[in-house]
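K.L.:
no sequence on this one, just coordinates:
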């Protein structure tokens, strides 16, 4: 019965379909189908789409609603996507309705998915929880296993595969002063094995003077002492496996924070390693130029030792934000003896520092997805087709090779999907040999409640 | 025949006023006031939008309070509540700009969209209703509690303006609101003039145009750009205009009076003018205003007005400037002129200098029920706002008035 309903929905959607076409080399978007359509009054809108690609299946996760004082409880939902793009199973990751769950992130390792999220229970503060989800859709711990549930506020988790399981990264309100990044190793069964603050290795610790000016109060909230400053501050972090016992991190650092002033953030990249005693250490910290890479989460991928990071960017301080990318050489970052340079050195950056991907009449929202296809990354971003279209109705596509060459100029980036309805978020997953584009879309009544899927290309 | 409930409410109101009057008398000499600064929200380093308010990464564009100790906060197309125990939740909005009435979690706004400098504000009633100056939708919206639900409706303009039976003036341009608790009316300010809206009867009354006169032709009314409004507990509403730089009071009887701000047209900014009689004092493109509940003063800030200026409402005494020790002083010249150029850029500032990190206030975002101020920080050089006390861990802060009961 459920399958029949899905088939009917798929057919009806194709008939009423958004206009979809493909011009970018290697991209095919021929048909769309509906993954999910909620009843808005009871569940709210679809938010925070995230996905991980498994062996032959992929897992798509999203959040409904948010942390409202009065309103539906924010829940996590998931769908297992088969090789043909169909939904094998839809999951509700929950055990008690009243617990608010937000900001899901998922990774795949050795036949299992690890789903992490932040949750708030008993109206205290946010904590980090997780569960293993098997490839058959079994949720090991619907109530969640705590990764970090101590007194400080812990939030905004992200996760990456590791050689022996997973690494989870999150923000924690540290010492009542500011947020810092913390990390935990999680084994393949979903059990945390090691946990720690991310601290800079002393050998390449950045000079204190790089950390802004503080202010004239007797005890500045800004880090002055060596021990305090050694913590990795800031948020919107992302992590990806970068070799044995090594992950690449990127985060939005508060390096030059001055109260209320713009320019207090900078995008940083660094390597995360674990010592023999399973303590996490951050090394080889690299800072991008100010006003270059935005504070929003982006896409972090590694292919053949070249790192792609795509996000919103202001390019320079007078520009509006556009979608842009930067490419790093991973070997050069590993062996960079001067990782604290104010401006990136040519040996570390793979190509020119910041590459605009899309120029559109309206700012491209920093909602991006990307995957490696044959010889280049294909990057998709949500945008608008005209300055007088306030809501995002297009998915733009462009390709970027490892040397920083674009398939189309940023001014001529193709429109992959032109919808009659405003779009929300976007993700790309790989099931079997096929990459699938997933995006959220309004339902015609102004509510972001539909999830669409369309094939992108085959390996 | 006056209903007994009305009499009870009136008595309660009068008692409340008496208590507030006693408090006002105790604080009559503002020169003895002492203010301190405390962390509030938008934590350093990021953080989630909701949860413990001091650890929330979200900001505040405008705020107001109810009498139960809740704060209502507008930011990022959300209306949030900060409860008395310090937790921040969404009340209404999806985080995306749009226009939809209905249940709070599905409602959409276009707050601060479509007008330069994004002027807008919200106003609270004592029982926790919130009026929103939704400039992007040319509407005034109302958030109210319906048993266990939050519902957003349009009360002026917006989609109502398309109805044949709707005969209220068109809302156009900058929009600000202030709630007059004494009779439950909402005062709406827009460039064309002020409106008095009775939420119970839905009746809208034009109060008139702004009494700001063209300096080159004192007989001719000039423009007014309301950026923010607030009301005291005695039925007076106040609005601040940026260019011309003025503060206007709308009395409980609906009369409109220009009470502060030197009106000038072009030319060099008169930074040689310091604190003094309110109508002779110069305010440098202010964009925020908070009223003291006692009715004795309003606080003006924002734009290039980097200090909190106390403006007495009696039209007689002097304006004053809050300084780094949390006390009021009379600045001999405009406070901006005490520290050099009025435009600050962290990118071009001398990063070796240490004094540039002194705290300044770039915008007041509102107040709580007892009259403590909330604002945004910026660095500056030279004479400063409060900077002593407990170091802040947030970008949005509370300036709390110290008292014997609450030192």
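P.N.:
Yes, it's here. Since the model is a prediction, treat every value here as computed from it, not as a measurement.
K.L.:
can we go C-alpha only for contacts and neighbour counts from here?
P.N.:
Will do.
K.L.:
count of neighbours near residue B:32?
P.N.:
Neighbourhood size, residue B:32 [other Cα atoms under 10 Å in any protein chain shown]: 10.
K.L.:
Please report how far the residue nearest to it when sequence neighbours are not counted lies from chain A.
P.N.:
Spatial nearest neighbour of residue B:32, excluding adjacent residues (Cα to Cα, 6 or more residues apart in numbering or on different chains): residue B:327 at 7.5 Å. Distance, residue B:327 to chain A, by Cα to the nearest Cα, to the nearest Å: 17 Å.
K.L.:
Distance check, residue B:327 against residue B:35.
P.N.:
Using Cα to Cα, to the nearest Å, residue B:327 is found at 6 Å from residue B:35.
K.L.:
More neighbours: which of those two?
P.N.:
Taking other Cα under 10 Å, residue B:327 and residue B:35 do not tie; residue B:35 has more neighbours (23 against 19).
K.L.:
Now for that one: which residues touch it?
P.N.:
Contacts for residue B:35 (Cα atoms under 8 Å, 6 or more residues apart in numbering or on different chains) come out as B:325-327, B:386, B:399-402.
K.L.:
Now residue 302: closest residue in space that isn't a chain neighbour?
P.N.:
Picking chain A for this. Leaving out its chain neighbours, the residue that sits closest to residue A:302 by Cα to Cα, 6+ apart is residue A:308, at 6.2 Å.
K.L.:
Chain B, not that one
P.N.:
Spatial nearest neighbour of residue B:302, chain neighbours left out: residue B:363 (4.3 Å); criterion: Cα to Cα, 6+ apart.
K.L.:
ok, the one you found touching residue B:304?
P.N.:
No - between residue B:363 and residue B:304 there is no contact under Cα atoms under 8 Å: 9.5 Å.
K.L.:
Tell me which of the two has more neighbours.
P.N.:
Shown here are residue B:363 and residue B:304; by other Cα under 10 Å, residue B:363 has more neighbours (27 against 17).
K.L.:
What is the helix or strand where the more buried one lies packed up against?
P.N.:
Using DSSP states H and E, residue B:363 sits within strand B:358-367. With contacts taken as 3 or more Cα pairs under 8 Å, 6 or more residues apart in numbering or on different chains; DSSP states H and E, strand B:358-367 sits against strand B:62-65, strand B:288-291, strand B:297-302, strand B:305-312, strand B:373-380.
K.L.:
Report the inter-axis angle for that strand versus strand B:305-312.
P.N.:
Strand B:358-367 and strand B:305-312 meet at an angle of 50 degrees, taking axes from the mean of the first three to the mean of the last three Cα atoms, to 10 degrees as the criterion.
K.L.:
Name the strands paired with strand B:358-367 and say parallel or antiparallel.
P.N.:
Using DSSP bridges, the strands paired with strand B:358-367 in its sheet are strand B:373-380 (antiparallel).
K.L.:
Which residues are in contact with residue A:108?
P.N.:
A:52-54, A:114, A:160-161.
K.L.:
if you set the cut-off to 10 Å instead, what comes out?
P.N.:
Residues near residue A:108 by Cα atoms under 10 Å, 6 or more residues apart in numbering or on different chains: A:51-55, A:58-59, A:114-115, A:132-135, A:159-162, A:165-166, A:188.
K.L.:
Repeat that for residue A:63.
P.N.:
Taking Cα under 10 Å, 6+ apart, one finds A:43-50, A:74-78, A:101-104, A:117 in contact with residue A:63.
K.L.:
Would you agree residue B:176 is in contact with residue B:240?
P.N.:
Yes - using Cα atoms under 10 Å, residue B:176 is in contact with residue B:240, at 9.3 Å.
K.L.:
Identify the contacts common to these two.
P.N.:
Joint contacts of residue B:176 and residue B:240 (Cα under 10 Å, 6+ apart) are B:189, B:225-230.
K.L.:
Please, where are all the helices along chain A?
P.N.:
Secondary structure of chain A (DSSP state H): helices at A:2-15, A:40-43, A:226-229, A:330-334.
K.L.:
The last one: which residues count as buried?
P.N.:
When burial is assessed from 16 or more other Cα atoms under 10 Å in any protein chain shown, helix A:330-334 yields the following buried residues: A:330, A:332-333.
K.L.:
still on that earlier bit, filter the contacts of residue B:35 down to just the buried residues.
P.N.:
Here, 16+ other Cα under 10 Å leaves B:326-327, B:386, B:399-401 buried among these.
K.L.:
Which member of those residues is positioned nearest chain A?
P.N.:
residue B:386 (10.2 Å; Cα to the nearest Cα).
K.L.:
May I have the residues that are in contact with the residue nearest to residue B:60 when sequence neighbours are not counted?
P.N.:
Of all residues not flanking residue B:60 in the chain, residue B:75 sits nearest, at 5.1 Å (Cα to Cα, 6+ apart). Each residue near residue B:75 by Cα under 10 Å, 6+ apart is listed here: B:58-63, B:93, B:95, B:111-112.
K.L.:
average model confidence for stretch B:199-217?
P.N.:
Stretch B:199-217 comes out with an average pLDDT of 94.
K.L.:
re earlier: for the buried ones among the contacts of residue A:108, write the corresponding ChimeraX selection.
P.N.:
Command for ChimeraX that selects the buried part of the contacts of residue A:108, burial taken from 16+ other Cα under 10 Å:
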select /A:51,52,53,54,55,58,59,114,115,132,133,135,159,160,161,162,165,166,188
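K.L.:
From the contacts of residue A:108, which land in strands?
P.N.:
Using DSSP state E, the subset of these located in strands is A:51-53, A:58-59, A:114-115, A:132-134, A:159-162, A:165-166.
K.L.:
Which single one of the contacts of residue B:75 is nearest to residue B:145?
P.N.:
residue B:93 (14.7 Å; Cα to Cα).
K.L.:
mind listing what the closest one touches?
P.N.:
By Cα under 10 Å, 6+ apart, residue B:93 lies in contact with A:68, B:74-80, B:99-101, B:103-110, B:152.
K.L.:
Do you know the pLDDT at it?
P.N.:
Residue B:93 carries a pLDDT value of 96.
K.L.:
repeat for residue A:407
P.N.:
For residue A:407, the predicted pLDDT is 93.
K.L.:
what sits against it?
P.N.:
Counting by Cα under 10 Å, 6+ apart, residue A:407 has contacts A:24-25, A:357, A:376, A:378, A:397-401, A:413-414.
K.L.:
which of those residues count as buried?
P.N.:
Buried among the contacts of residue A:407 by 16+ other Cα under 10 Å: A:24, A:357, A:376, A:378, A:397-401, A:413-414.
K.L.:
Run through chain B and note the low-pLDDT ranges.
P.N.:
B:1-28, B:324, B:339-360, B:378-392, B:406-407 (pLDDT under 70).
K.L.:
For chain A, give me its nearest residue in it.
P.N.:
residue B:45 (3.9 Å).
K.L.:
what about that residue, neighbour count?
P.N.:
By the criterion of other Cα under 10 Å, residue B:45 has 30 neighbours.
K.L.:
Residue B:314 and residue B:373, how far apart?
P.N.:
Taken as Cα to Cα, the span from residue B:314 to residue B:373 is 21 Å.
K.L.:
Next up, the contacts around residue A:101.
P.N.:
Here residue A:101 is in contact with A:63-67, A:73-76, A:93-94, A:116-121, A:126-129 (criterion: Cα under 10 Å, 6+ apart).
K.L.:
Recalculate using a threshold of 8 Å.
P.N.:
Contacts of residue A:101 (Cα under 8 Å, 6+ apart): A:63, A:73-76, A:117-120.
K.L.:
circling back to that earlier point, with secondary structure as added columns, please give the buried ones among the contacts of residue B:35 in CSV.
P.N.:
Below are these laid out as CSV (DSSP: H, G, I helix; E, B strand; the rest coil):
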residue, secondary structure
B:326, coil
B:327, coil
B:386, coil
B:399, strand
B:400, strand
B:401, strand
